[in-house]
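Enquirer: attaching a predicted model along with its sequence, questions to come.
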Amino acid sequence: MVDFPVSLDSLKLVSLTSSLVFFMHLLLLQPGELNPEKVTVVGPADPILALIGEEVEFSCHLWPYLDAQHMEIRWFRSHTSDVVHLYREQQELLGRQMEAFRNRTKLVKDDIADGSVALQLHSIVPSDEGMYGCRFLSDNFSGEAVWELEVADVFLPGASRWKSAFVGTMAMLPPLLAVLVALALGLLQKQRRRQEKLKKQAEKRQGKLTAELEKLQTELDWRRAEGQAEWRTAQKYAVDVTLDPASAHRSLEVSEDCKSVFSRGAPPSPAPSDRQRFSEQKCVLSLQRFSAGRHYWEVHVGCSSRWLLGACLAAVPRSRPVRLSPAAGYWVLGLWNGCEYFVLAPHRVALTLRVPPRRMGVFLDCQAGKLSFFNVSDGSHIFTFHDTFSGVLCAYFRPRAHDGGEHADPLTICPLPVKGTCVPEENDSDT
């Protein structure tokens, strides 16, 4: 073993040198453990000059160098709340930008691990001039740097107010046009979507309406076919009906063959009320009486605008006004003023007819307690009374009151083959 002479001073020197190397090694390998109070944010030292329409770059870095990948880096305008660009949690939050800087910034973070970043601002406009700053923020560090941006006219040094205004206006035209185009496209798309929605709703309503109409038409056809079948069955019970002149009111005139009746004399004055017109017994009854069986007859009403037809109890008094209702012994259907068909069952019920009848069919079924009315003009069923007839019945006829004209419209009982089938005359469907 060889002994080397070692002095105390040399040992102290080696120890000191090793400690310095180890300390420097720690500084280089562990930059994140630097004292945050000694880290500063370094930005542009002097005001930055930019020309309208061109691009400018704001560079910022930490000193000493410190990894900023997990920090929040905020570029702001005058105040930290006026965000020009925001980097947080290793991503750019573009939705936090001020409207004036949307789509105009680009973050350069190639050296962010060394604490150095840059922000590029495109399409400089006069309103960009002013104070800017960048702030680095982490759990144990916060620092910022500020600087000023000056915007110059491209016509300098011979700038003037109108040139500046012109350049400023021209610089703002592209973003303004872009905004207008975006708004126009948005409105067009919104209008197109609305039109498509309205079209679909209209098609849906049209389809639903068509289906309902088809359903109603099917039901109408079925009811019409059913009504025509019922009417043709009723015709098999045709009877010979004649008028009883002795039962006619003095204002009525019965023909010699006892088949027609019409009003005569001057019109009443003053005109009676609606209820009085149909409650006065200006009627005539049939000579035949019905207490059993089934009976059918037809009456030609023509173009008369007012009439009443049906059946009543033979024993009802006709010397005083009564309400022509089933409770009083009357089962009648009428037309008022050429437009309203109605029955009193017991209250007034308006009826809607597809074809105005020129010829009416009346079918009485005593055992079933039914009195039905048919439109012979189209073979359709109009209305049926269901009741219990408490006595002998007879046919009821009431023509319109005389209006002073040269010709009165009579009610005429149509000739039918008894117990046979009657086919409507051609002029019965003159509607």
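Expert: All right, it came through fine.

Enquirer: looking at the helix or strand containing Gln191 now, give me its mean pLDDT.
Expert: Using DSSP states H and E, Gln191 falls within helix 161-235. For helix 161-235, mean pLDDT rounds to 83.

Enquirer: what's the answer for stretch 393-400, then?
Expert: 93.

Enquirer: quick one: contacts of that stretch?
Expert: Residues from elsewhere that reach stretch 393-400, judged by Cβ atoms under 8 Å, 6 or more residues apart in numbering: 241, 243-244, 252, 261-263, 282-291, 297, 299, 304-314, 330, 332, 334, 362, 364, 366, 408-411. In this view, the C-beta of every residue, glycine as well, is placed from N, C-alpha and C.

Enquirer: now stretch 174-187
Expert: Under Cβ under 8 Å, 6+ apart, the answer for stretch 174-187 is Ser123.

Enquirer: which stretches of the stretch 251-400 of the chain form helices?
Expert: 274-279 (DSSP state H, counting those that start in this stretch).

Enquirer: where does the prediction get shaky in it?
Expert: 265-280, 319-321 (pLDDT under 70).

Enquirer: all strands for it, in order.
Expert: 252-254, 260-263, 284-285, 294-300, 307-313, 330-336, 340-344, 348-351, 359-365, 370-375, 380-386, 393-398 (DSSP state E, counting those that start in this stretch).

Enquirer: so which of the ones you listed is nearest Arg96?
Expert: If you check each of those against Arg96 by Cβ to Cβ, strand 348-351 wins as the nearest, at 70.7 Å.

Enquirer: quick one: strands adjacent to that closest one?
Expert: strand 340-344 (antiparallel) (DSSP bridges).

Enquirer: residues touching the partner strand, excluding its own?
Expert: Residues contacting strand 340-344 (Cβ under 8 Å, 6+ apart): 323-326, 330, 332-336, 348-353, 382-383, 385.

Enquirer: which ChimeraX command selects the buried ones in those?
Expert: If you want just the buried ones from the contacts of strand 340-344 in ChimeraX, going by 16 or more other Cβ atoms under 10 Å, the selection is:
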select :324,325,326,330,332,333,334,335,336,382,383,385
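
Enquirer: tell me how the chain divides into domains.
Expert: 37-152, 234-421 (automatic domain parsing).

Enquirer: any chance of those in CSV, plus distance to Pro174?
Expert: Converted to CSV, these look like this (distance: least, Cβ to Cβ, whole Å):
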stretch, distance to Pro174
domain 37-152, 7
domain 234-421, 69
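
Enquirer: tell me where the stretch 1-150 of the chain has helices.
Expert: With DSSP H, counting those that start in this stretch as the criterion, the stretch 1-150 of the chain has helices spanning 8-29.

Enquirer: beta partners of the nearest residue to Cys414 once chain neighbours are set aside?
Expert: With sequence-adjacent residues excluded and distances taken as Cβ to Cβ, 6 or more residues apart in numbering, Cys414 is closest to Glu298, at 4.2 Å. Going by DSSP bridges, Glu298 is paired in beta bridges with Gly361.

Enquirer: burial count for Glu298?
Expert: 23 (other Cβ atoms under 10 Å).

Enquirer: hang on, isn't it packed against Val376?
Expert: Yes. Between Glu298 and Val376 there is a contact at 5.9 Å, judged by Cβ atoms under 8 Å.

Enquirer: about what we covered before: for Arg135, find the nearest of the strands of the stretch 251-400 of the chain.
Expert: strand 348-351 (83.6 Å).

Enquirer: which residues does the closest one contact?
Expert: Contacts of strand 348-351 (Cβ under 8 Å, 6+ apart): Leu333, Glu340, Tyr341, Phe342, Val343, Ile382, Phe383.

Enquirer: try it again at 10 Å.
Expert: Strand 348-351 has contacts (Cβ atoms under 10 Å, 6 or more residues apart in numbering) with 274-275, 278, 325, 333-336, 340-343, 373, 382-383.

Enquirer: widest-spaced pair of these?
Expert: Taking Cβ to Cβ, the two most distant members of these are Arg275 and Ile382; they sit 22.7 Å apart.

Enquirer: buried ones among the contacts of stretch 393-400?
Expert: Using 16+ other Cβ under 10 Å as the burial test, the contacts of stretch 393-400 include 241, 243-244, 252, 261-263, 282-288, 290, 297, 299, 304, 306-314, 330, 332, 334, 362, 364, 366, 408-411 as buried.

Enquirer: distance of Gly227 relative to Trp297?
Expert: From Gly227 across to Trp297, the span is 18 Å (Cβ to Cβ, to the nearest Å).

Enquirer: ok, now Ala350?
Expert: 25 Å.
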